[in-house]
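*Asks:* Sequence and predicted structure are below.
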Number of protein chains: 2
Amino acid sequence: MPEIANNIPTASASVLLVDDDVELVTLLRDYLASDGFNVTVAHEGESALRLFAAQAPDIAVVDVMMPGFSGIEVLRRIRSRGSTPVLMLTARGDDESRILGLELGADDYVAKPCTPRELSARLRAILRRTLVRSTTPDSVCIGDLALYSAQRRIAWAGQDVQLTNAEFNLLELLIQNAGQVVSKNLLSEQGLGRPFQRYDRSIDVHLSSIRHKLPLLPDGRPRIQAVLRKGYQLLTD
Amino acid sequence: MPEIANNIPTASASVLLVDDDVELVTLLRDYLASDGFNVTVAHEGESALRLFAAQAPDIAVVDVMMPGFSGIEVLRRIRSRGSTPVLMLTARGDDESRILGLELGADDYVAKPCTPRELSARLRAILRRTLVRSTTPDSVCIGDLALYSAQRRIAWAGQDVQLTNAEFNLLELLIQNAGQVVSKNLLSEQGLGRPFQRYDRSIDVHLSSIRHKLPLLPDGRPRIQAVLRKGYQLLTD
DNA sequence: CCCCGAGTTTACAGGGATTTACAACACCCG
DNA sequence: CGGGTGTTGTAAATCCCTGTAAACTCGGGG
């Protein structure tokens, strides 16, 4: 057994993955996701920058060669609005781009084709040195409801609410977005770890049980509300 | 080290260059020297480490393949005595060494043959970002749990916890990501040194033993929690 | 050659998670 | 209004993941 146990922090860091090769992206996304990363993908520069602005990922992975405006351009623009680390993907042997990228402030590059495993290792290497523990609060309170993520615990008026694993995941998401509608899609992906499919009723079933474990609102309605065709919402008082 | 600004050569940073290929070393040394680096060279591991100890360079460049003890070994020993950044030189396509090296904490990789210009650019890129790198702490504490990575030791309230090798690796990962979910994938790769496969139960078994070696949380739950389909999480109190 | 310890694999139990089924709704039309 | 269609609530059945003890494997001593 090799004792490879150097410190690798950051499970669940978010990654924005930009490449026009759909197949490759899918492969990488799946692997990174299974490795604990939170992955968003884009296939060209335009949407990449929009997603970047919207999601503020912890790190971006950008292909140098893309239709529309190039990876170098994406890099430049990301750089112009902050210090989010960027890893560039280059064609093997394309020394010019690599050097240019590095000089423009890319934090690393990986030659394609690369193994998902290598990409993951490098992302962690970069995050290890750049990520200053992002500000995840110890607790979030919504009225009398308190969420302690690091303890995997949720309490109502100081009393622990007894939740199963999936129930906790889902309620956590609702609390983190309290008052807003959370799509089934998101609930499924973040909470159950798989894409949502049309006839999948798991979420409804779980939310039904959670509903029974939370006290009703003053007006007698349950605290968790289905929003037809849109998702679910945690009501605040 | 002086200068922090982007793209500006780090004047007079010192580099230790280790490679058995005398010709290549000469070429690189001259180029790096003309680029403002202060270069020392060694042709095998033994003298490399001696020079490293004597000169405390700002950065080391080490060939993976060398007679005597290998570059990986040199990397390991440099790592064991501090956090000086290390850039590894590998044969093109030697993915295994690259990944192994990254996991052991190499800061970067360059495939041989490389242009002196590229090497120089990468050295500067590393130096630029390591200027602000936080040094790895001697110990990490999560409540009463203390991790001493360099000593391969974990203690609970001052008492050593008796752990086997694999158990230590896994618990170390959980502590370094305390409060976050760590995927089985990561645990397997970093902790056991092999990719995770679907029906592999080793991790579950190891974590089960660890669980029994740690005291319970105040609320009676075990400190290590499975998160369905995602991985495991060390709960904080 | 046997024993020992660590790691892995196997086996099985129990409890969640998911699926199924059906009733109750909401919404969209004419 | 009143089907028709699609969605949600929930109990019940089924499935599958994790916890854990125990068997197995493999190297190193003695």
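*Replies:* Perfect, thanks for sending it. Numbers count the residues shown, from 1 in each chain, chains lettered A, B, ... in the order given.
*Asks:* Just checking stretch A:155-164 against DNA strand D, any contact.
*Replies:* No - Stretch A:155-164 stays clear of DNA strand D (C-beta under 7 Å from any atom of the strand), getting no nearer than 11.4 Å. C-beta here means a position set from N, CA and C on the backbone, and glycine is covered the same way.
*Asks:* Next secondary structure after the longest helix seen in chain A?
*Replies:* If you go by DSSP state H, chain A has its longest helix at helix A:116-130. Per DSSP states H and E, the first helix or strand lying C-terminal to helix A:116-130 is strand A:140-142.
*Asks:* tell me the domain ranges of chain A?
*Replies:* Following automatic domain parsing, chain A resolves into domains at A:14-130, A:139-234.
*Asks:* Adding distance to B:Ala111 and mean neighbour count as columns, could you present these in CSV?
*Replies:* Listed next are the domains of chain A as CSV, based on distance: least, C-beta to C-beta, whole Å; neighbours: other C-beta atoms under 10 Å in any protein chain shown:
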stretch, distance to B:Ala111, mean neighbour count
domain A:14-130, 8, 19
domain A:139-234, 36, 16
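*Asks:* Pick out the shakiest of those domains, pLDDT-wise.
*Replies:* Lowest mean pLDDT within those: domain A:14-130, at a mean of 83.
*Asks:* What residues does the spatially most central residue of chain A make contact with?
*Replies:* What sits nearest the mean C-alpha location of chain A, by C-alpha atoms, centre = their mean, is A:Asn38, with 3.0 Å. A:Asn38 sits next to A:12-15 when contact means C-beta atoms under 8 Å, 6 or more residues apart in numbering or on different chains.
*Asks:* can you give me the helices for chain A?
*Replies:* A:22-34, A:45-55, A:71-80, A:95-103, A:116-130, A:165-176, A:184-186, A:202-213.
*Asks:* could you redo those as TSV and give each row distance to DNA strand C?
*Replies:* Formatted as TSV, the helices of chain A follow (distance: least, C-beta to the nearest atom of the strand, whole Å):
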stretch	distance to DNA strand C
helix A:22-34	15
helix A:45-55	25
helix A:71-80	35
helix A:95-103	37
helix A:116-130	17
helix A:165-176	3
helix A:184-186	12
helix A:202-213	4
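*Asks:* what's the closest of those to B:Ile154?
*Replies:* Closest approach to B:Ile154 among the helices of chain A (C-beta to C-beta): helix A:116-130, 20.1 Å.
*Asks:* Isn't A:Cys49 up against A:Arg76?
*Replies:* Just to correct that, residue A:49 is Leu rather than Cys. No - applying C-beta atoms under 8 Å as the test, A:Leu49 and A:Arg76 come out as separate, 10.7 Å apart.
*Asks:* re earlier: distance check, the residue nearest to the centre of chain A against chain B.
*Replies:* Distance of A:Asn38 to chain B, computed by C-beta to the nearest C-beta, to the nearest Å: 11 Å.
*Asks:* From A:Arg29, how far out is that residue?
*Replies:* Using C-beta to C-beta, to the nearest Å, A:Asn38 is found at 11 Å from A:Arg29.
*Asks:* ok, now A:Lys112?
*Replies:* 15 Å.
*Asks:* Same check on A:Arg124?
*Replies:* On the measure of C-beta to C-beta, A:Arg124 and A:Arg29 end up 16 Å apart.
*Asks:* Restrict stretch A:191-207 to CA atoms and write it as CSV.
*Replies:* Provided in CSV are the C-alpha atoms of stretch A:191-207 (Å, rounded to 0.1, in the frame of the first residue of the first chain):
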residue,chain,number,x,y,z
GLY,A,191,-29.4,16.2,-2.7
LEU,A,192,-29.6,12.7,-4.1
GLY,A,193,-26.6,12.8,-6.3
ARG,A,194,-28.2,11.9,-9.6
PRO,A,195,-29.9,13.8,-12.5
PHE,A,196,-33.6,14.2,-12.1
GLN,A,197,-35.8,12.1,-14.3
ARG,A,198,-39.4,12.6,-15.2
TYR,A,199,-41.1,9.8,-13.4
ASP,A,200,-38.8,9.8,-10.4
ARG,A,201,-40.9,10.3,-7.3
SER,A,202,-38.2,10.0,-4.7
ILE,A,203,-38.1,13.7,-4.0
ASP,A,204,-41.8,13.9,-3.4
VAL,A,205,-41.7,11.0,-1.1
HIS,A,206,-38.8,12.4,0.9
LEU,A,207,-40.3,15.8,1.2
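*Asks:* For that stretch, give me every contacting residue.
*Replies:* So stretch A:191-207 is contacted by A:166-167, A:169-170, A:172-173, A:184-185, A:187-189, A:224, A:226, A:232, B:228-230 (C-beta under 8 Å, 6+ apart).
*Asks:* Please state the offset of it from the chain centre?
*Replies:* 18 Å (C-alpha atoms, centre = their mean, to the nearest Å).
*Asks:* And for stretch A:23-39?
*Replies:* Computed by C-alpha atoms, centre = their mean, the chain-centroid distance of stretch A:23-39 equals 11 Å.
*Asks:* ok, back up a step: between the helices of chain A, which one is closest to B:Asp19.
*Replies:* Of all the helices of chain A, helix A:95-103 comes closest under C-beta to C-beta, at 19.4 Å.
*Asks:* show me the contacts for whatever residue of chain A ends up closest to chain B.
*Replies:* Residue of chain A nearest chain B, by C-beta to the nearest C-beta: A:Ala150 (3.0 Å). Each residue near A:Ala150 by C-beta under 8 Å, 6+ apart is listed here: A:136, A:138, B:178-180, B:235-236.
*Asks:* and with 7 Å instead?
*Replies:* Contact partners of A:Ala150, counting by C-beta atoms under 7 Å, 6 or more residues apart in numbering or on different chains, are A:138, B:179, B:235-236.
*Asks:* Looking at those, spot the one nearest A:Ala155.
*Replies:* Lowest distance from A:Ala155 to these (C-beta to C-beta) belongs to A:Asp138, with 13.1 Å.
*Asks:* how deep is that closest one tucked in, by neighbour count?
*Replies:* 11 (other C-beta atoms under 10 Å in any protein chain shown).
*Asks:* Kindly reformat the contacts of A:Asn38 as TSV containing distance to B:Gln197.
*Replies:* Output for the contacts of A:Asn38, formatted as TSV (distance: C-beta to C-beta, whole Å):
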residue	distance to B:Gln197
A:Ser12	22
A:Ala13	24
A:Ser14	26
A:Val15	23
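*Asks:* right, and the pair among the residues you listed with maximum separation?
*Replies:* Pairwise over the contacts of A:Asn38, using C-beta to C-beta, the maximum falls at A:Ser12 and A:Val15, 10.3 Å.
*Asks:* Tell me if I'm right that A:Trp184 and A:Gly231 touch.
*Replies:* Just so we're on the same page, residue A:184 is Lys rather than Trp. Yes - using C-beta atoms under 7 Å, A:Lys184 is in contact with A:Gly231, at 5.2 Å.
*Asks:* Dig out what the residue nearest to the centre of chain A forms beta bridges with.
*Replies:* Per DSSP bridges, the residues bridged to A:Asn38 are A:Ser14.
*Asks:* What of the one 4 residues further on?
*Replies:* Beta bridges link A:Ala42 to A:Val18, judged by DSSP bridges.
*Asks:* list the contacts for it?
*Replies:* Neighbours of A:Ala42 in contact, by C-beta under 7 Å, 6+ apart: A:16, A:18, A:48, A:51.
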